[in-house]
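Novice: Give me coordinates for this.
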Amino acid sequence: METIVDSLSQFWQFTGFANCTWQHLVMIVIGLVFIALGIVKKWEPLLLVPIGFGMIVGNIPVFPGLQVSIYEEGSVLNILYQGVRRGWYPPLIFLGIGAMTDFSALISQPRLILIGAAAQMGIFGAYLLALAMGFSPNEAGAIGIIGGADGPTAIFLSSKLAPELMGAIAVSAYSYMALVPVIQKPIMLALTTKKERLIRMKKPRVVSQKEKILFPIIGFICTAFIVPSGLPLLGMLFFGNLLKESGVTKRLATTASGPLIDVVTTLIGLTVGASTQADVFVTGNSIKIFVLGLISFVIATTAGVLFTKLFNLFLPEGRKINPLIGNAGVSAVPDSARVSETVGLEADPKNHLLMHAMAPNVAGVIGSAVAAGILLGFLG
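Specialist: Numbering: from 1, shown residues only. Got it, this is the predicted structure:
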């Protein structure tokens, strides 16, 4: 009888119930909220559902030494997490993004690249605020990149500069990417007048196939020479786009933009979610990072819209830019461009802004990778 009781007692010690804390329960509830938002609200379900389920996986209380936790060397989750920790997954995602992105809007309206550049103020604004809140320069640089609204870039940079903060930074970046429509619309309406929202832009010119092929080659050489430290992201982004536009590597482009990016997105979402283990994630720094992440998105959106309004002061009638596309300078592709389209249609049901908003949107992707390269070059 005593042996049975001892066995049951030992079994109990290995269960999640015996090792559970309130922090584990909080993180599991947050994971369930992420899943609900992804499924019910359809807010970035490809991101929120894997991350939410990963949070649940990572916060099942585990008896130490079982070699199943994401932070236990040699466990399956730990091995999969190396793609995040060592920065393998983000360049692969950038390859897929390049293979599915049409840069025609940017090529036909190169002036709109300035809006994408202006929106990167969110990165450097958050960097300065993080420094003021007591974070080290490396930690501040990793936190600041959240303002680029680019999850893979945030993971890549934080893996190099502040791996101990990577979980909070990644979850913050992806969370606010999913909330782009909620965050950006009120800012856009507050900063623009009804007259400005009614501005109609000329239809972009048709871009030739030759231009589409030359753009990733020239774009990569120019940006890589400016920030060689951004090579892994910029190289894969432009290479993926060349596969798409060359016309002779359709199978490679299809694989990169489909199965490959889907697999990597699933792994990155699940492992990032699992990295939010309660004893590592639930800290004062995590709360600060979430606050700074929100502020950085607000700064980026505000900078994009205000820069567009400023730009219009120097443009003649007929060439003015609708400031509603200023929000698209953040690189949440294509969600921020869709917000431009939605708000524009609310002001004028016949004024479609999506084709114009995609220009600063894809410029924002390039801009966030360049900004990450700059921060890595100075702080790495």
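
Novice: Need the pLDDT of the nearest residue to residue 275 once chain neighbours are set aside.
Specialist: Closest residue to residue 275 apart from its sequence neighbours, by CB to CB, 6 or more residues apart in numbering: residue 167 at 4.0 Å. Just so you know, the C-beta spots here come from the backbone N, C-alpha and C atoms, and that holds for glycine as well. Here, the pLDDT recorded for residue 167 equals 83.

Novice: again with residue 285
Specialist: Among the per-residue scores, residue 285 holds a pLDDT of 86.

Novice: got a list of what the residue nearest to residue 275 touches?
Specialist: 272, 275-277, 280-281, 286 (CB atoms under 8 Å, 6 or more residues apart in numbering).

Novice: one more time with 6 Å
Specialist: Residues near residue 167 by CB atoms under 6 Å, 6 or more residues apart in numbering: 275-276, 281.

Novice: now do residue 23
Specialist: Contact analysis of residue 23 by CB under 6 Å, 6+ apart lists 278, 282.

Novice: roughly how far out does the strand or helix carrying it sit from the chain middle?
Specialist: According to DSSP states H and E, residue 23 maps onto helix 22-39. Centroid separation for helix 22-39 versus its chain: 20 Å, with CA atoms, centre = their mean, to the nearest Å.

Novice: mind listing what's buried in that helix?
Specialist: 23-24, 27-28, 30-31, 34-35, 37-38 (16 or more other CB atoms under 10 Å).

Novice: How about stretch 209-224?
Specialist: Within stretch 209-224, the residues scored as buried using 16+ other CB under 10 Å are 212-213, 215-216, 219-220, 223-224.

Novice: Can you give the contact residues for that stretch?
Specialist: Against stretch 209-224 from outside (CB under 6 Å, 6+ apart): 103, 107, 231, 234, 238, 241-242, 245-246, 370.

Novice: how about TSV for the buried residues of helix 22-39, with distance to residue 263 and pLDDT added?
Specialist: Listed next are these as TSV, based on distance: CB to CB, whole Å; pLDDT from 0 to 100:
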residue	distance to residue 263	pLDDT
23	31	87
24	29	88
27	25	91
28	26	93
30	25	92
31	21	94
34	20	93
35	20	95
37	23	91
38	18	92
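
Novice: for those, which one is nearest residue 302?
Specialist: residue 37 (24.7 Å; CB to CB).

Novice: which residues touch that closest one?
Specialist: Residue 37 neighbours (CB under 6 Å, 6+ apart): 43, 48.

Novice: sorry, back to before: out of the buried residues of stretch 209-224, name the ones that lie in strands.
Specialist: Of the positions in these, not one sits in strands, assigned by DSSP state E.

Novice: Output those residues as CSV; include the columns distance to residue 308 and pLDDT.
Specialist: Shown next, in CSV, are these (distance: CB to CB, whole Å; pLDDT from 0 to 100):
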residue, distance to residue 308, pLDDT
212, 26, 96
213, 30, 97
215, 23, 96
216, 26, 97
219, 22, 95
220, 27, 96
223, 23, 93
224, 28, 93
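
Novice: Can you pick out the most distant pair from those?
Specialist: Top of the distance list for the buried residues of stretch 209-224 (CB to CB): 212 and 224, 19.3 Å.
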